[in-house]
Every structure is written in C-alpha cells, then in structure tokens.
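K.L.:
Sequence isn't available, so here's the structure alone:
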DNA sequence: AATGAATGAGCCTTCATTCAT
DNA sequence: AATGAATGAAGGCTCATTCAT
C-alpha cells in the first residue's frame, strides 16, 4: 500500500475544502482552502494536481462516506424494515454532517465534476438499487425504469434531509414522515 | 430623444445568459454573455448593474415563467384533475425549455442569489401551495408542514423532469408515472 | 461674435468641473461633471472636444480670472503700494474662491495640460512681471532671472493663500505678513 | 525555505514607479510599472497590496530620502551657516534626483495619499523646523506661525529647485540666490 | 442641439499553477 | 516534501467617446 506523502494532510485538505465550499462556494480560492487546512498554498498541488481534481476526489469521497451507511443491513428482516434501517442511517448521517451534504449539493451541479466521477458516484448506490428492486416488486412501480426510481428516492431523501436540517428538534419525526411518503410511492 | 433603452436587448441578454450558463456554468464571463446576446460587453452593464444583479433578475424571470403554467387551471374540476393539469403544464414547460431548467438549477445553488430573490421566487408558487393544501386534505400527510410538502413535490417534479429530458421519446409516460407516484405520496 | 451653442452651458460645465475636480481629483469621470452641470454626459462633448480639452480650457479660464485682479492698479502710486494693492486683490480672490484655487493646483501638475496652455497662462502675468521689474530695481535681485523671480513670487503667494484658507479668521494678517516677507526678499 | 521576498524587488518596483509616474502621471497602469521593474504584473501585488498602497509607501520613501540631507549638520557653526549647509544638501539632492522630485510633486497633490501618510511625511521635517526656529529668532518673522514659515521655506526651496533643474549650468548660482532671498525673508 | 444608450479599450486585482529554495 | 514567492492569463467593471434618435 504505497501511499506517498502524508495521508493526514490529504484528508485535512479535503475536510478544509468541504468547510470552505459551504461558506464560499466552489469559487473559493485554493489558497483559502490551503490555509484552512493548515498547509501552504503550493502544497495543495502536491496532493491534488488541479483544483478540478481536488473537487472530483472530494465528490467521490463524500459520496462514498454517505453510501457507507447502506452496508451491513439486517439481512433477514423484511424489505421494508431493511429499507427503513437504511433510511435512518442515511438521515442520521445527513444531520450529523450538514456541511458535507451541502458540499455534495454544490459539487453535484458543478460542471467541473466529470461524467466519470459522477458514474463512480452512482456505483456506490448499487446496494441500494438492489434493495429498491425488491421493495418495488409487485407494487405500482414495478415497470418503471430503475434509474428513475433511484432518482425519485434520492430526491425525496434530499428533501427530507433539508427539512430535518432546518428543524432539527423534530428530525426524527420528519425522517419517518419522509420515509413513509416514499414508501407510499412504491406501494 | 436619445436611443431608448430597449427591452429587446434586455431580454436578449437574459436569454444569452441562460444559454451560456448552461454551457459554461455561472463562472461564464460577462463578455461571453454579451457577445452571445449580440451587444458590447459594456452594454450589459447598462441593463444590469452587476453580474450578480443579472443572475438575480434572471433567476426571478425564469421562476416567473415556470410558474405561469400554474395559472388558469380548470376551476370546477376535481382536485386531482386540476393538479394533473398543472403537472402536465409544468412538465411540458420543462421539456420545451431544458436550458431554462438547467439554468434555474445552477442559479438555485449559487450563493449569488440573495435571500430576497429566493423569497420572491417562492411567492410565485403560492397558487400551487393552495392547490396542494386541498390535495392533501384527509390524506396521510394532512399534518405535515406545508414547506416540507412543497419541497417534496418539487423534488419529485424535478426528478421527473430530469428523466423526461433524458428520454424524451417516452416523456408523456414518465410524466404520468411521476405524477402518480407523487399522488400516492399524498393519498 | 458668433458664439455657437449656449455659453451658459459652457460655463456651467466649467464651473461644475471646478467643483468636481476639487472633490474627486482629475480622474473624475466626465459623466459626473456633466451631471453636476445639469447636462447629459454626451452634451459635454459638444462644448469640449475631449476631456483634456476641457481641462486645458478650464486651466486658462481660471488663470485668466485670477489675473484679472492685476489690472487697474493705481498708476501714480509708489511701486510698493501698487504691488501691495495687487497682492491684496490677489489674496482676496484666493480666499473668495478656494475651490478655483485648488482646481488650478490640481491642473497645474497634470500632464494633460499642454505646454501651449501653460505658456498662455504665463502671458497673463505679463502685467505683474512689469511691476515686478520695477520693484526689484536697485535691490539685491536686480540681476536674477525674471522667470525665477516670478516663480518665487508665485510660490510665496501660494503659500500665503494656503495659510489664509486654513485660518480665515486672521486672513488679513497673514496676507500682510506674506507680502512683507516677499518684499523683504526683493529689497 | 521558499524563495524569500526580496527587498531588491521591492525597491525595483518603487524606483520603477518613480520613473513611470514622471513620464505618465499617477494614472500609469500598474502593469507598466511592473514591467519597468522587471517583474510580472501580479508580483507588484505581493509587495504592495494595492496601487494606492504603493503610492503611499513611495511618497514616504521619497520624503524620507529627501529629509536625510537634513541630518548631520555642523553643530557648532552659526545658524546661517548651518542652514546654508542644509540648503545646499537639499538642492543638491534635488538636481541629482530630478525624477524623484517630480514624483513627489505628483504624489503630493494626489488624493490617494492619505492624511496619515502626509502627517508622517511632515514629521521628517522636524529637524528643519528646529533650525528654522532659531533662524527666525529676533527677526521680523518671530511671531509668525511655524506652519506658515515652513510652508514659505518649502515654496521658495521648490521654486529654486525648479529653476536649477531648468538651468543646470548655473545651478550653484541659483541655489545661492534662492537661499539669500529666503534668508532676507527671515531677517 | 440635446440626450443618453452603445461601444470597447483599458485597468486593477485575483488566483490557479509553477518553481526556486 | 514543503513553502510561499513568481507568474500571467483572465475577469468584472469603468469611462471617454460616438452615435442614433
């Protein structure tokens, strides 16, 4: 596992970028990101070839982290229960990491994120797609394109996250309402 | 007595901005926008004080156009029918104006759009909110926050639009599927 | 006397320029000057071909006004008395027109004022030079270059004016002190 | 460890600015100054935050250099001799550095030079003021405001410098004439 | 003649990237 | 590898001047 240079610093830069993007948007100077990470501006470029490269890597890293919750689901449970488990993990991550979520949102609409990166991001949702496949079986959406379904799920999840972040006191309630709205869509 | 400020030119700039934003993102140089509009770069600033101002006005203009479809609904029809009518108009606008939709998406996440502009944008959806209020009555979402509901509707609509734009051949079918998924959420 | 266009407006622009130059310096936009004069920015250029032209004409106009006081001196009086009379008129003009004085100061150092304009400005002091010629006769400066003498006189006068403007309450006293200092130089 | 910020370059920029200001005035583009200094336009801004900052620092630097001559006067000499010594040093600097003098003149009237900078510039003349105080004792100007006196001295000195620069062949003679005229003012 | 919109060159400054140390 | 100075292209905006009305 030959990881050249300090992985600590690489991560520090990625985390700094997340924070700075939320505050200043994607036009944030690399110098600001570097300063926030506690490294010299030039050092940023020993870890990431270009600013675009940094953004693409960050996008993937965040997507990956977000998808991690989709692992280790209770296998023998009912589909709905499995899905709800996943949903909760997801929502939990969202309110625990509001900045990362916002950064993903910004990066998602950027034209700096290459199609390749986007595709890689989608792959991480493969597990979820499997589950979704089983969840819609026999329901009214059994013939709908999987891509569309994933998009719908994502959009409902995003809306729910937004709302939870805005009203954290009732986060749990909103999470449940969101899930049930989604489930009604499927069944 | 002098050459009057032409509304045509103003609109040409707004339309040019829409096109350029889709192609190059919000970082598109004002000079490119001006050239695309067929005016000198300096002229852009006689119509819009700053680039930010241009973006805010464009955002509103697009939102307004998008909301126009929500008017003149068949009043005596059933709620579901009224809503479907609205939905179709909306989707229709979306596939007819894919660039405008993308531009809105870009502008929405920009930190250049002021809260005031955003608020004004929301107001235009008031009609829809009324209809939504009646649509959810008696259903499982009767106690959910209106803000949340609007967000959910938007997100489902957006996902549907995206999908329709990607697969225009089956646009009508996707539109219907999207609407029904949404309606199931409400009832 | 075919004076085309309105002389009123020409003067309004010159006066506006004086005021604006004092406030904003020579880099003041022509548009600001025009607005201050109550005319459209384009109109300024029907009265003055270029900004540089405006500045040159203004310089001359102000110099001329300043030199006007040097006329109509009491011919049969003693030289010193004549000179003092001139001096007082001059100082009086200065404290009555502080803005014009400041404008001249700004214009004098500008590289936009052509040598021709400067030369014309000097000519207006011819009267004074005559008087100065007689004043220095037999004194210690009888062999000094006239140009130098004029420069010295000017510089002492300017310093006096500055001081009078700063402390208008004792203007008269300062005027006298300045004159006597100058006279001591000559005799 | 990185290339250290070089004082040489800072000075090169200041000197370049001096030359360019003389030729083109204060509106000279920073890019021209940078090129004249042999650095990239961007580099100018690592040494001076803004163009205004550059001008203020240059003003002070020049004033300081000019005032340096006022040091190390022959302490036990007569006042007049001390003053003449100072005067000669001053005039000498002036004809040796005609560009610096012109640059100071331009900067002095600029509204970009802050009051703070001006005040700092004045402080450097403190030594001279002391000497002037002794020089005017018992003379006709013993009750005149010190500020006025300094202004008078400056104005006579400036006029003398101008004349010396114009006719360098007789520089020494003009210098003496200027000084004696000034001294006559005081005594 | 008067107006003010149209033009486009120009300027200060920023910033991604490179490079000397 | 790390640092931060050096580079220079680029961009938003200004403004003198021109021109259609």
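P.N.:
Received, thanks. A quick note: this is a predicted structure, and the numbers were derived from the prediction, not measured. Residues are numbered from 1 along each chain as shown, chains lettered A, B, ... in the order given.

K.L.:
Which pLDDT value belongs to residue A:4?
P.N.:
pLDDT recorded at residue A:4 is 55.

K.L.:
How about residue A:71?
P.N.:
pLDDT, residue A:71: 69.

K.L.:
Tell me if the one helix or strand residue A:12 maps to is near DNA strand F.
P.N.:
Using DSSP states H and E, residue A:12 maps to helix A:7-24. Yes - contact of helix A:7-24 with DNA strand F (Cβ under 7 Å from any atom of the strand) involves residue A:9. C-beta: built from backbone N, CA, C; applies to glycine.

K.L.:
what's in contact with that helix?
P.N.:
A:28, A:32-34, A:36-39, A:43-44, A:47-48, A:54-55, A:57-58, A:61-62, A:99-100, A:102-103, A:106-107, B:111 (Cβ atoms under 8 Å, 6 or more residues apart in numbering or on different chains).

K.L.:
Keep those, but drop any that are not near DNA strand E.
P.N.:
A:28, A:44.

K.L.:
got the contact list for residue A:157?
P.N.:
Contact analysis of residue A:157 by Cβ under 8 Å, 6+ apart lists A:87, A:90, A:91, A:178, A:182.

K.L.:
So it versus residue C:63, what's the distance?
P.N.:
Here residue A:157 is placed at a distance of 78 Å from residue C:63 (Cβ to Cβ, to the nearest Å).

K.L.:
what kind of secondary structure is the residue nearest to residue A:185 when sequence neighbours are not counted in?
P.N.:
In space, residue A:185 comes closest to residue B:181 once its chain neighbours are excluded; the distance is 4.5 Å by Cβ to Cβ, 6 or more residues apart in numbering or on different chains. At residue B:181 the chain is in helix, as set by DSSP: H, G, I helix; E, B strand; the rest coil.

K.L.:
Could you do the one 3 residues further on as well?
P.N.:
Under three-state DSSP, residue B:184 falls in the helix class.

K.L.:
how many other residues sit next to residue A:16?
P.N.:
By other Cβ atoms under 10 Å in any protein chain shown, 20 other residues sit near residue A:16.

K.L.:
DNA strand E versus that one, what's the distance?
P.N.:
Counting by Cβ to the nearest atom of the strand, to the nearest Å, the gap from residue A:16 to DNA strand E is 13 Å.

K.L.:
re the thing from before, of the contacts of residue A:157, which belong to strands?
P.N.:
Among those, no residue falls in strands (DSSP state E).

K.L.:
Turn those into a markdown table, including distance to chain C and pLDDT.
P.N.:
Shown next, in a markdown table, are the contacts of residue A:157 (distance: Cβ to the nearest Cβ, whole Å; pLDDT from 0 to 100):
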| residue | distance to chain C | pLDDT |
| --- | --- | --- |
| A:87 | 61 | 94 |
| A:90 | 57 | 93 |
| A:91 | 56 | 95 |
| A:178 | 56 | 96 |
| A:182 | 59 | 97 |
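
K.L.:
what's the closest of the residues you listed to residue D:144?
P.N.:
Nearest to residue D:144 among the contacts of residue A:157: residue A:91, at 82.9 Å, using Cβ to Cβ.

K.L.:
got the contact list for residue A:153?
P.N.:
Going by Cβ under 8 Å, 6+ apart, residue A:153 touches A:128, A:132, A:182.
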